[in-house]
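need a structure here:
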Amino acid sequence: MGVRMGTAAGRWVLLATVLGSSLVMLDGTVVNVALESIGRELRADFAGLQWIVNAYTLALAALILLGGALGDRFGRRRVFMFGVAWFAAASLLCALAPTAELLAGARALQGIGGALLTPGSLAMIAATFDSADRSRAVGAWSAWGGIAGAVGPFVGGWLVEWNWRFVFLLNLPLAIVVMVVAHLHVPESRDPDTVRGFDVSGTVVGASGLGVLTYGLIAAGGRGFDGLVWALVVAGLALLALFLVIERRSPHPLVPLDLFANRTFSAVNGVTFAVYAALGVFFFLLVLQLQVVAGFSPIAAGTALLPVTAVMLLLSSRTGALADRIGARIPLTVGPLVAATGLLLVTRVGPDASYVTTVLPAVLVFGLGLSLTVAPLTATVLGSAESRHAGIASGVNNAVARAAGLLSVAVIPVVAGLSGRAYADAALMADGFRMAMRICAGLLAVGAVLAFLLIRTPRRAPSAVPGTAAAGTAGPVGAAAAGAESGAGAPDGAAVGAAAAGVGAGVGAPGTGAPAAAAAADDLDLAQCLHCGVTGPQLHPGQITPAEAPPAAR
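Here you go, the predicted structure:
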């Protein structure tokens, strides 16, 4: 029997896992608020700021699936604690970095640590808690992680008012607490049925492809698309093509390509890419626009982002329930269009902009659009996959979201004319920001069209839902629970809230074994978890590497 909610043992496990995952969640949001101060002190150009964001995202997106597999194989607590220690050491390097280049390198190291610790935080909960309380524990972990994401920009702004280096130094005491609590109170667990190999070649080639492509796209901002830039872009695309070949032939692929034979899975990942590409650029540029053009202080700029995450936390479980009733097609069509409206409204932000009349309406509309999108998106991803692939399906979807943010932050500012020291020139920054927001609004519209044309998910029959628990059952902030229905009979297997949807939350890739995930899957509808999907969609805690290679990979 595992630990129970409400006991001292349960509270210690939650403390370690919530604080651990919050390190990654906070760093994914607070650094954007510090970019203007970092650029000014380190005399970085716009490409330098892009790399400070993208180096972290690149490592996290490329390695998060591997991090979950390592935890399954070598012990989730061990890999989790190693990731926390690595993350803390990299944070110290970030705080001490004397140049933008060294800061970007330290941020890449941070991303490696995040990829190791994030999957373990959710996996340890699913493996440690008793089956009767597992869904409540995952719900509490999800909601508290969302709260960390919501307060991150505010905390970042407050720290930047002192010195931007404190943004990174804050991680050190938190990491020490996490490691002590995990060592003393979290039992070790691993998956005895996990495959005995790792897709190392696929990981290396995939990460290299993303890195080279990103380098080429960012370099285009300073030198245009000359011969070297085109060579880098072509080389990056060639490496990504090679990655697909490796995945097709690998006996234990990082990304089982047979998942994409399902039309709904492919379509919803296309929607994911469009939505999170826009989301990445929005958070990257808005805080710069507010500080450079509108004259906001760092803390005011960080606080301006709170409504987005607050609205998502308040409405995520409700929009998940709505998708269960009416199907995901309408929310996934309307949501991106509403978010696009918010981006068009935010183009009104200019010199001396009023927060109440200019910024607040835009971020509220944008947050409402994301709230209509993220929970139905996640449920559709999981409903389109077989239950044995639920973990890897949600992990792939999360990686797609992170890769979308990586590439969009590399290319959209270049297309919008933001390069060199443009972020220090109010007029250039304002023009580039407006163009970038229009491009992002167009991406969201593309996502809406894809959803409308390609996604077909039926309403859940009332008889298929045994009942739902009221929000608030998972700790102080709670999570709604619901029964699950099988995907059998749904077009492309895409029944929203299918049994594969199980449990999920947070920002990391899944990493727990199938038995624990199966037990949890009977208790909680993933689409109705309270969640803030700013850095990535909710995730299922299923095994991230199939126990048996799919036919296409044999």
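
okay, and for the stretch 201-350 of the chain, where does confidence drop off?
223 (pLDDT under 70).

actually the chain, sorry about that
For the chain, the ranges with pLDDT under 70 are 1, 192-197, 223, 387-388, 457-532, 539-554.

ok, now with 50
For the chain, the stretches flagged by pLDDT under 50 are 460-523, 547-554.

Have a look at it and report its longest helix.
helix 8-42 (DSSP state H).

which secondary structure elements does the very next helix or strand once past it contact?
Next along the chain after helix 8-42, taking DSSP states H and E as the criterion, comes helix 46-74. Judged by 3 or more C-beta pairs under 8 Å, 6 or more residues apart in numbering; DSSP states H and E, helix 46-74 is in contact with helix 8-42, helix 76-96, helix 100-128, helix 200-223, helix 263-292, helix 390-415. Yep, even glycine has a C-beta here, placed from its N, CA and C like the rest.

Just confirm Ala55 contacts Ala104, I think it does.
Yes. Here Ala55 reaches Ala104: they are 4.5 Å apart, a contact under C-beta atoms under 8 Å.

re earlier: generate JSON lines for the helices and strands packed on helix 46-74, with distance to Leu344 as supplementary columns.
As requested, those are exported to JSON lines (distance: least, C-beta to C-beta, whole Å):
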{"stretch": "helix 8-42", "distance to Leu344": "21"}
{"stretch": "helix 76-96", "distance to Leu344": "35"}
{"stretch": "helix 100-128", "distance to Leu344": "31"}
{"stretch": "helix 200-223", "distance to Leu344": "24"}
{"stretch": "helix 263-292", "distance to Leu344": "12"}
{"stretch": "helix 390-415", "distance to Leu344": "15"}
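
Rebuild the ones you listed as TSV, extending it with distance to Ile326 and mean neighbour count.
Output for the helices and strands packed on helix 46-74, formatted as TSV (distance: least, C-beta to C-beta, whole Å; neighbours: other C-beta atoms under 10 Å):
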stretch	distance to Ile326	mean neighbour count
helix 8-42	30	23
helix 76-96	37	22
helix 100-128	29	26
helix 200-223	36	20
helix 263-292	16	25
helix 390-415	22	26
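
Excluding residues flanking it in the chain, which one is nearest Leu232?
Gly216 (3.0 Å; C-beta to C-beta, 6 or more residues apart in numbering).

re earlier: now do the longest helix of the chain: distance to the chain's middle.
Taking C-alpha atoms, centre = their mean, to the nearest Å, the mean C-alpha location of helix 8-42 is offset from the chain mean by 13 Å.

could you measure the residue located most distally from the centre of the chain against Thr214, distance?
Seen from the C-alpha centroid of the chain, the residue lying at the greatest distance (C-alpha atoms, centre = their mean) is Gly227, 34.0 Å away. From Gly227 across to Thr214, the span is 18 Å (C-beta to C-beta, to the nearest Å).

what's the answer for Ala274, then?
18 Å.

Kindly report the same for Ser91.
22 Å.

cool, Leu453 as well?
Leu453 is 30 Å from Thr214, by C-beta to C-beta.

Which helix or strand contains Ser189?
Applying DSSP H and E, one finds Ser189 in no helix or strand.

Can you tell me, leaving aside adjacent residues, what's nearest to it?
Going by C-beta to C-beta, 6+ apart, Ser189 has Ala127 as its nearest residue, at 3.8 Å.

I'd say the one you found and Val138 touch.
No. Applying C-beta under 8 Å as the test, Ala127 and Val138 come out as separate, 11.3 Å apart.

What is the subsequent helix or strand relative to the stretch of helix or strand Ser316 belongs to?
Ser316 belongs to helix 306-326 when elements are defined using DSSP H and E. Later in the chain than helix 306-326, the nearest helix or strand by DSSP H and E is helix 329-346.

and the angle for the next helix-or-strand element following that next one with helix 390-415?
Next helix or strand after helix 329-346 toward the C-terminus (DSSP H and E): helix 360-383. If you take axes from the mean of the first three to the mean of the last three C-alpha atoms, to 10 degrees, helix 360-383 sits at 140 degrees to helix 390-415.

Packing partners of helix 360-383?
Checking 3+ C-beta pairs under 8 Å, 6+ apart, helix 360-383 ends up next to helix 263-292, helix 306-326, helix 329-346, helix 390-415.

Quick one: residues contacting Phe129.
2-5, 10, 13, 137 (C-beta atoms under 8 Å, 6 or more residues apart in numbering).

Kindly apply the preceding question to Ala403 instead.
61, 210, 273.

What's the separation between the closest residue in space to Asp27 that isn't next to it in sequence and Gly536?
Of all residues not flanking Asp27 in the chain, Gln110 sits nearest, at 6.4 Å (C-beta to C-beta, 6+ apart). In this view, Gln110 and Gly536 are 16 Å apart by C-beta to C-beta.

Check Ala278 too.
14 Å.

what's around the closest residue to Leu103 other than its chain neighbours, how many residues?
Among residues not flanking Leu103 along the chain, Ala97 sits closest, at 3.8 Å (C-beta to C-beta, 6+ apart). Using other C-beta atoms under 10 Å, Ala97 is surrounded by 20 other residues.

what's the spacing between Ala97 and Ala90?
For Ala97, the distance to Ala90 equals 10 Å [C-beta to C-beta].

My read is that Val167 contacts Asn32, right?
No. Assessed by C-beta under 8 Å, Val167 is found out of contact with Asn32, at 10.2 Å.

Spit out the residues that contact the two alike.
Shared contacts of Val167 and Asn32, counting by C-beta under 8 Å, 6+ apart, come down to Gly156.

State the number of residues packed around Trp230.
Trp230 has 12 neighbours, counted by other C-beta under 10 Å.

what do you get for Val334?
16.

got the contact list for the residue lying closest to Arg40 once chain neighbours are set aside?
Distances taken as C-beta to C-beta, 6+ apart place Ala424 nearest to Arg40, at 7.2 Å, with adjacent residues excluded. Applying C-beta under 8 Å, 6+ apart, we find Ala424 in contact with 39-40, 292.

Just read off the phi/psi values of Val3.
Backbone geometry at Val3, expressed as degrees, to the nearest 10, gives phi -70, psi 160.

partners of it in the sheet?
Val3 has these beta-bridge partners by DSSP bridges: Phe129.

That one against Gly10, yeah?
Yes. At 4.7 Å, Val3 and Gly10 qualify as touching, with contact defined as C-beta under 8 Å.
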